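Novice: Can you look at this prediction? I've put the sequence above it.
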Amino acid sequence: MPETTTAPLIGWSRAFPATTKQICESRRFLAGLLTGHPAADDALLCLSELATNATLHSRSAEPGGSFRVRVERRGDHIRVEVTDQGGPWQEQVPDDQTGRGLLVVARLAHNWGRTGDEHTGWTTWFEIEAQ
């Protein structure tokens, strides 16, 4: 009987101060992990949207706040999580300038979602696979 092999799960995690400059640093972190991956550009755009939301729309935006990026990779499958410091979840209504971040994530990601609560923090995640 042939043996089935599965690619090993590899994971990384890093915390960032919740400032707009650190959104770029979080992208740089992910880009370094996904060099050569066919879906790297989509993953970077999704991360940018989630890190921006954490920085602007959660308690992470308070002085000294932070957000954490966790990345898992198994072969061509990527899962990225952004965890903030909580606060009320408010659906953003898209207008001419803002509110489309989660729509972008939903369009590009194979799957995405949110866990947590306003007290312990929200984790918003997405999964992408090479096509």
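Specialist: Sure, I can see it.

Novice: how about low-confidence regions in this structure?
Specialist: 1-5, 89-99, 131 (pLDDT under 70).

Novice: go with 90
Specialist: For the chain, the stretches with pLDDT under 90 are 1-10, 74-76, 88-103, 130-131.

Novice: which residues are contacting the helix or strand where Cys46 lies?
Specialist: Using DSSP states H and E, the element containing Cys46 is helix 40-57. Contact with helix 40-57 is made by 16, 18-20, 22-23, 26-27, 30-31, 34, 37, 60-61, 67, 69, 78, 80, 82-84, 87, 90, 92, 101-102, 104-105, 108-109, 112, 122, 124, 126, 128, as judged by CB atoms under 8 Å, 6 or more residues apart in numbering. The C-beta positions use only the backbone N, C-alpha and C, and glycine is treated the same way.

Novice: now those: which count as buried?
Specialist: 16, 18, 22-23, 26-27, 30, 34, 37, 60-61, 67, 69, 78, 80, 82-84, 87, 101-102, 105, 108-109, 112, 122, 124, 126, 128 (16 or more other CB atoms under 10 Å).
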